[in-house]
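Asker: got a structure for you, letters missing:
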């Protein structure tokens, strides 16, 4: 679970921070930069797997092939460094890349990374990005009381998911050798902070230390990596959701909506009532009485089918995009193996405003309930959505709503610049935590339809 994000010098984010709970809805007008918040999270997730260059290029699919696009710019000025930091609750038990089980020493961690540009290498037509700093430190249980401000049960949730058996130094730190200025990343032993750390020269390693950790020898660092790898970014492509699956396919629903039939059939083999539960939920947005997976043993294919109230079964390829998106989320909500942070931009697409409350309720059901213990019936899932829909914002509760607004600040070049600030309603838990707040009246223009936009019908007399 990602509980806090900080960014400075990444795209249009300057001195940016936002605290997150189990369910979060970031709202704002088009063009304010909500997607850049998602991109910062995506970049961190990519850094847990790929090289720095690959992560910079893969942040957001576009025609750009310049990794320097992730750095803050103002006119002709481009920042030389970007800094990202997160506070996160990571899994206690992990499995390394060799199938060995391990247990983290701490489950509440703060990770910081700094990427810099080498101006001399840029001049020589090299890409010129390098790791300037990386750190991973534990957060003890006492600090967690102040840092986790969203409504929760201390006994059922916080005291069970927060574990710390670490004292002293963190798990990763950065040192600069005074004699020659070489940057070293230090890996400290997981069993204790004493002893000589493993030292890695940072300047020319292609990946972060987190990304290079695949062994149970460093269980807490590995656990942080597994958490960052679990951050998903839903795109839910209609073509992927309509596709039939092979009978041998396994796994959860993909980020693009793929494996819809395979995931549902796997759930059915464990619980035959899953079809009726999903059909009942799907009936909230369309007339339907049943959901099933058609099994074709000859072609070895699985196909999702939905029965209308007329009695006819419709295959996934005959369903609307909005219905498929809703169905995919229904399957995710039933799947205890579908865990981690789920980022979803504009979930309102394809959903009629009258059915928006059903979509919002389903998304909230996906998120972990922090008043209860985690487990198969309450998986450790977190939801972060971004919307520009006034309808969805009106349906939101103050605790879950974050309003993204453009503000003027002094940029890294000393000149005026625009950046994003996340503001919360005064009734929310973020208000009690001292975050920047606004009144409902401050966003009334956002919630109000433009003059003359009300729907009207000219009826002939």
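Answerer: Happy to help now that I have it. If you're wondering where the values come from, they're calculated on a predicted model, not measured in any experiment.

Asker: in stretch 260-280, what's buried?
Answerer: By 16 or more other Cβ atoms under 10 Å, the buried positions in stretch 260-280 come out as 260-268, 274-275, 278-279. Where you see a C-beta, it was placed from the backbone N, CA and C, and this is true even at glycine.

Asker: no no, stretch 289-308
Answerer: Buried residues in stretch 289-308, counted by 16+ other Cβ under 10 Å: 290-293, 302-307.

Asker: likewise stretch 316-333?
Answerer: Within stretch 316-333, the residues that count as buried by 16+ other Cβ under 10 Å are 316, 319, 322-333.

Asker: What of stretch 409-423?
Answerer: Neighbour-count burial for stretch 409-423 [16+ other Cβ under 10 Å]: 411-412, 417, 419-423.

Asker: tell me the two of the residues you listed that are most distant?
Answerer: 412 and 423 (22.7 Å; Cβ to Cβ).

Asker: So, low pLDDT: which residues of the protein?
Answerer: Low-confidence segments of the chain (pLDDT under 70): 61-64, 120-127, 178-179, 191-195, 433-434, 441, 444-461.

Asker: Got the domain ranges for it?
Answerer: Listed domain ranges for the chain are 1-230+340-461, 234-338 (source: automatic domain parsing).

Asker: For the shortest one, measure first residue to last.
Answerer: Just to be clear, that refers to domain 234-338. Distance across domain 234-338, first residue to last, is 13 Å (Cα to Cα, to the nearest Å).

Asker: returning to that earlier point: dump the buried residues of stretch 260-280 to JSON lines, plus distance to residue 49.
Answerer: Shown next, in JSON lines, are the buried residues of stretch 260-280 (distance: Cβ to Cβ, whole Å):
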{"residue": "260", "distance to residue 49": "25"}
{"residue": "261", "distance to residue 49": "27"}
{"residue": "262", "distance to residue 49": "24"}
{"residue": "263", "distance to residue 49": "23"}
{"residue": "264", "distance to residue 49": "28"}
{"residue": "265", "distance to residue 49": "29"}
{"residue": "266", "distance to residue 49": "25"}
{"residue": "267", "distance to residue 49": "28"}
{"residue": "268", "distance to residue 49": "32"}
{"residue": "274", "distance to residue 49": "32"}
{"residue": "275", "distance to residue 49": "35"}
{"residue": "278", "distance to residue 49": "32"}
{"residue": "279", "distance to residue 49": "37"}
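
Asker: Which members of those residues occur in helices, if any?
Answerer: Counting by DSSP state H, the part of the buried residues of stretch 260-280 found in helices is 260-268, 274-275, 278-279.

Asker: what's the farthest-apart pair in those?
Answerer: Using Cβ to Cβ, those span at most 18.6 Å, a distance reached by 262 and 279.

Asker: in stretch 355-365, what's buried?
Answerer: Across stretch 355-365, burial judged by 16+ other Cβ under 10 Å covers 355-356, 358-360, 362-365.

Asker: now stretch 80-91
Answerer: 81-91.

Asker: pretty sure residue 265 contacts residue 292?
Answerer: No. With contact defined as Cβ atoms under 8 Å, residue 265 does not count as touching residue 292 (9.3 Å).

Asker: ranges for the strands of the stretch 51-200 of the chain?
Answerer: Under the criterion DSSP state E, counting those that start in this stretch, the stretch 51-200 of the chain contains strands at 73-74, 77-78, 81-89, 93-95, 101-103, 108-117, 129-138, 172-176, 183-187, 198-201.

Asker: which one of the ones you listed lies closest to residue 147?
Answerer: Residue 147 lies closest to strand 81-89 among these, at 6.6 Å (Cβ to Cβ).

Asker: Taking strand 108-117 as reference, get the angle to that closest one.
Answerer: Angle between the axes of strand 81-89 and strand 108-117 is 170 degrees (criterion: axes from the mean of the first three to the mean of the last three Cα atoms, to 10 degrees).

Asker: helices or strands up against strand 81-89?
Answerer: Packing partners of strand 81-89 (3 or more Cβ pairs under 8 Å, 6 or more residues apart in numbering; DSSP states H and E): strand 2-8, helix 34-47, strand 108-117, helix 219-229.

Asker: now what about it, what contacts it?
Answerer: 1-10, 40, 43-44, 70-72, 107-117, 132-133, 139, 147, 161-162, 224, 227-228, 380 (Cβ atoms under 8 Å, 6 or more residues apart in numbering).

Asker: now it, how far from the centre of its chain.
Answerer: Relative to the mean C-alpha coordinate of its chain, strand 81-89 is positioned 13 Å out (Cα atoms, centre = their mean, to the nearest Å).

Asker: Let me see the contact set for residue 74.
Answerer: Counting by Cβ under 8 Å, 6+ apart, residue 74 touches 411-413, 415, 417.

Asker: So of those residues, which two are at opposite extremes in space?
Answerer: 412 and 415 (9.0 Å).

Asker: before we move on, the earlier item: tell me the one of the buried residues of stretch 260-280 nearest residue 398?
Answerer: residue 278 (30.7 Å).

Asker: So that closest one sits against residue 289, correct?
Answerer: No. Counting by Cβ under 8 Å, residue 278 stays clear of residue 289, with 11.8 Å between them.

Asker: just to revisit the earlier point, any shared contact partners between residue 412 and residue 415?
Answerer: Here residue 412 and residue 415 have 74, 77 as joint contacts, going by Cβ under 8 Å, 6+ apart.

Asker: And residue 41, how close does it get to residue 58?
Answerer: From residue 41 across to residue 58, the span is 13 Å (Cβ to Cβ, to the nearest Å).

Asker: Compare these two (neighbour count), which wins?
Answerer: Under the criterion of other Cβ atoms under 10 Å, the comparison of residue 41 against residue 58 puts residue 41 first, with 21 against 14.
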